[in-house]
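Chemist: one predicted model, sequence on top.
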Amino acid sequence: MGIRLYNSLTRGKEDFSPGNPDRVLMYVCGPTVYAHSHIGHARSAVSFDVIYRYLKYRGYKVEYARNYTDVDDKIINRANEEGVDPAELAVRYIKAFDEDMAALGVELPTYRPKATETIKEIIEVTERLIGKGFAYAVDGDVYYSVKLKKDYGKLSGKNIDELEAGARVEVDERKNDPLDFALWKAGKPGEPSWESPWGMGRPGWHIECSAMCMKWLDETIDIHGGGRDLIFPHHENEIAQSEAATGKAPYARYWLHNGFVNIEKEKMSKSLGNILNIRDALKEHTSEVLRLFLLSSHYRSPIDYTQDSLNEAEAAVERFYKTLKRIADECPDAVAADSRPSGSEERLNGLIEAMDDDFNTAEVIGNIFKEVNRANRALDEARASGKRTSATELSFILFAFKEAGRFLGIFNKDPEGYFREKNSRSAMPAEEIERLIMERNEARRLRDFKKADSIRELLLSRGIALEDTPKGTEWTVRR
RNA sequence: GGCGGCGUACCCAAGUGGCAAGGGAGCAGUCUGCAAAACUGCCAUCCAGCGGUUCGAAUCCGCUCGCCGCCUCCA
């Protein structure tokens, strides 16, 4: 069995069969850099990050390109509002996006092209389209003729006649057809412009992806991804222009689209003012909690960012690392064991099967918590019987965690690091906490439980929770 | 109006033909000076509703109800 994935183009699951397993080509639409990226961008980036990691994990050689749209109406408008240069604004938000991605633990794609660095190729594709009669130039603009390709609409399931009937696009007299879209836009004074056969101007939105894809990957690629909302018109137009230009179809074999993130059940939108930036979310939760939250549902389903679901993700991360710490404390042999214990491959099967089935990270996470339960049970039994725990069983479990951590990009810290980081956010200095713990333990030794309990309550009121374990008293920050 | 998706326990969420994963909450128990954590048990005879196909359906088909997305250069 191999990977099966849901293809938006055929609306069904298909066996993944790339053109060349040693060079799987994947392109994902990146951000338009005119503002800080929000949690929706995070979902797209994390979803495809996991897909990228998993394909590599399964032995494919992957070339992954994710672009930056760094010239666009929104960028120009925002730059004008702020009175800065559009290019400068774009650079600023590319940097911010890169920082956000790094904070989320998103691996760098193989290529990160920018539209403005692909102007030559954009012009070349546009010329090809004109040469083949699929595009026409008017007053410095170049438009793509939607009607000339009869399979237009195959991705979004739209048909041209109905689109025309309900067209909400403002009619531009210079277009042959209201549905035609701009490949090249004539430059206005003060806007970023490049020389072209049609005069000074800048690229349209859809064409940049086709050009970047061809430049860095190929004329036919394996996987093309992006948010659901990009299906129409962006990806539909990309397919049309790419296939028209190259004469090859399909442009991309598999189209993958991630679902939206709602905030407290409402769609994120400027009008509602509920756009949640990645950096703001990271002030409330660690990147691991955010990633776990995002990966706890299937990547195609819509998800709700709510206080409750984030708290649950946080509790789950905590439970995971607590168990990891227990294993390290109570069965060091398991940690010291071979990182790939023989006979453990079977242990991975459930995880692999889940991931093979359209990247079902939710099921993988469910399986991981089954293993967490197994580990705790084994440790409890050892504690009760006074015998040492079987290191073999636990080393299998650790192996499963480690492997899953490689493609999920979570659950891969060492427990010491996790708790150190968490406890570093304590409002009370660690020395003071330690001093109070010693004081309480002295009281406990003297069986002055009233005093012991009052110290614990004092700490709890300051956000510090205590746990008496066989290894001594431990503390953690509780929100 | 066109296209697409969804509806699984108190909440979140897997499961797409063979007796309903996982997490959170709750209740009871073990452990503990007491807690916490962990573990154990309980918690959907049932998967929006109604029909149909089938030996067998949450899973396939039809209809109904409810929710949502796209059709606006919003991931």
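Modeler: Here it is on my side, so go on. No experiment lies behind these values; they were computed from the predicted model shown.
Chemist: hmm, residue A:436 is touching residue A:461, no?
Modeler: No. Taking contacts as CB atoms under 8 Å, residue A:436 lies outside contact range of residue A:461: 12.0 Å. Placement of C-beta: from N, CA and C, glycine included.
Chemist: higher neighbour count, the two?
Modeler: Using other CB atoms under 10 Å as the criterion, residue A:436 and residue A:461 rank with residue A:436 on top: 19 against 8.
Chemist: what's near enough to touch the more buried one?
Modeler: With contact set as CB atoms under 8 Å, 6 or more residues apart in numbering, residue A:436 has these partners: A:455, A:458, A:459.
Chemist: may I have the phi/psi pair for the first one?
Modeler: To tie it back to what came earlier, the one meant is residue A:455. Phi and psi for residue A:455, reported as degrees, to the nearest 10, are phi -70, psi -40.
Chemist: strands along the stretch 101-250 of chain A, start to end?
Modeler: Ranges of strands in the stretch 101-250 of chain A, per DSSP state E, counting those that start in this stretch, are A:135-138, A:141-144, A:181-186, A:201-203, A:221-227.
Chemist: please identify which of those is closest to residue A:89.
Modeler: strand A:201-203 (14.8 Å; CB to CB).
Chemist: who does the closest one touch, helix- and strand-wise?
Modeler: strand A:181-186 (3 or more CB pairs under 8 Å, 6 or more residues apart in numbering; DSSP states H and E).
Chemist: average pLDDT for the strand it packs on?
Modeler: The average pLDDT within strand A:181-186 is 94.
Chemist: now for it, which elements pack on it?
Modeler: Using 3+ CB pairs under 8 Å, 6+ apart, strand A:181-186 sits against helix A:119-131, strand A:141-144, strand A:201-203, helix A:205-216.
Chemist: gap between that strand and the chain center?
Modeler: 31 Å (CA atoms, centre = their mean, to the nearest Å).
Chemist: go on, stretch A:87-107?
Modeler: 14 Å.
Chemist: and stretch A:27-34, average pLDDT?
Modeler: 96.
Chemist: and the stretch 301-450 of chain A, which residues reach RNA strand B?
Modeler: Residues of the stretch 301-450 of chain A lying near RNA strand B by CB under 7 Å from any atom of the strand: A:301-304, A:308-309, A:311-312, A:315-316, A:319, A:322-323, A:354, A:357-358, A:360, A:362-363, A:365-367, A:369-370, A:372-373, A:376-377, A:379-380, A:444, A:449.
Chemist: of these, grab the buried ones for PyMOL.
Modeler: Buried residues among these (16 or more other CB atoms under 10 Å), as a PyMOL selection:
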select buried, chain A and resi 303+316+322+323+354+357+358+360+363+365+367+372+379+444
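Chemist: out of the residues of the stretch 301-450 of chain A next to RNA strand B, which are inside strands?
Modeler: Secondary structure defined by DSSP state E assigns A:303, A:304 of these to strands.
Chemist: inside helices: which ones of the residues of the stretch 301-450 of chain A next to RNA strand B?
Modeler: Mapping those onto helices (DSSP state H) picks out A:308-309, A:311-312, A:315-316, A:319, A:322-323, A:354, A:362-363, A:365-367, A:369-370, A:372-373, A:376-377, A:379-380, A:444, A:449.
Chemist: per-residue pLDDT, the residue of the stretch 251-400 of chain A found nearest RNA strand B?
Modeler: Going by CB to the nearest atom of the strand, RNA strand B is nearest to residue A:366 of the stretch 251-400 of chain A, at 2.2 Å. Residue A:366 carries a pLDDT value of 94.
Chemist: ditto for the one 5 residues further on
Modeler: At residue A:371 the predicted local confidence, pLDDT, stands at 95.
Chemist: go on, residue A:116?
Modeler: pLDDT, residue A:116: 96.
Chemist: give me the below-cutoff pLDDT ranges for chain A.
Modeler: Residue ranges of chain A with pLDDT under 70: A:1, A:164-171, A:479.
Chemist: okay, now the domains of it?
Modeler: Per the record, chain A has its domains at A:4-258, A:307-414, A:426-477, by automatic domain parsing.
Chemist: just name the most buried of the ones you listed.
Modeler: Across the domains of chain A, averaging neighbours per residue (mean count of other CB atoms under 10 Å) puts domain A:4-258 on top, at a mean of 19.
Chemist: dump the residue contacts of the residue of the stretch 151-300 of chain A found nearest RNA strand B.
Modeler: Residue nearest to RNA strand B within the stretch 151-300 of chain A (CB to the nearest atom of the strand): residue A:227, separated by 1.5 Å. Contacts here follow CB under 8 Å, 6+ apart; on that basis residue A:227 touches A:29, A:40, A:44, A:257, A:258, A:260.
Chemist: contacting residues for the second one?
Modeler: Going by CB under 8 Å, 6+ apart, residue A:40 touches A:227, A:260, A:261, A:268.
Chemist: likewise the third one?
Modeler: With contact taken as CB under 8 Å, 6+ apart, residue A:44 is in contact with A:28, A:225, A:226, A:227, A:258.
Chemist: which residues are in contact with stretch A:451-469?
Modeler: A:426-428, A:433, A:436-437, A:439-441, A:443-444, A:473-479.
Chemist: quick one: end-to-end length of it, please.
Modeler: 19 Å (CA to CA, to the nearest Å).
Chemist: what about that stretch, near RNA strand B?
Modeler: Yes. Applying CB under 7 Å from any atom of the strand, one finds stretch A:451-469 in contact with RNA strand B at A:452, A:453, A:456, A:465, A:466, A:467, A:468, A:469.
Chemist: just send the domains of chain A back as TSV, with distance to residue A:297 too.
Modeler: Shown next, in TSV, are the domains of chain A (distance: least, CB to CB, whole Å):
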stretch	distance to residue A:297
domain A:4-258	10
domain A:307-414	6
domain A:426-477	27
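Chemist: now, the residues of stretch A:451-469 next to RNA strand B that are in strands?
Modeler: Those of the residues of stretch A:451-469 next to RNA strand B lying in strands (DSSP E): A:465, A:466, A:467, A:468, A:469.
Chemist: who touches the nearest residue to residue A:203 once chain neighbours are set aside in this structure?
Modeler: Closest residue to residue A:203 apart from its sequence neighbours, by CB to CB, 6 or more residues apart in numbering: residue A:122 at 4.6 Å. Counting by CB under 8 Å, 6+ apart, residue A:122 touches A:115, A:183, A:184, A:203, A:207, A:208, A:211.
Chemist: check residue A:236 too.
Modeler: Residue A:236 neighbours (CB under 8 Å, 6+ apart): A:152, A:153, A:154, A:155, A:156, A:158.
Chemist: now do residue A:108 against RNA strand B, distance only.
Modeler: 18 Å (CB to the nearest atom of the strand, to the nearest Å).
Chemist: the helices and strands packed on strand A:181-186: which one's closest to residue A:63?
Modeler: helix A:205-216 (7.6 Å).
Chemist: wait, residue A:103 touches residue A:288, no?
Modeler: No. If you go by CB under 8 Å, residue A:103 and residue A:288 don't touch, sitting 10.8 Å apart.
Chemist: end to end on stretch A:418-436, go ahead and measure it.
Modeler: OK, stretch A:418-436 end separation, CA to CA: 23 Å.
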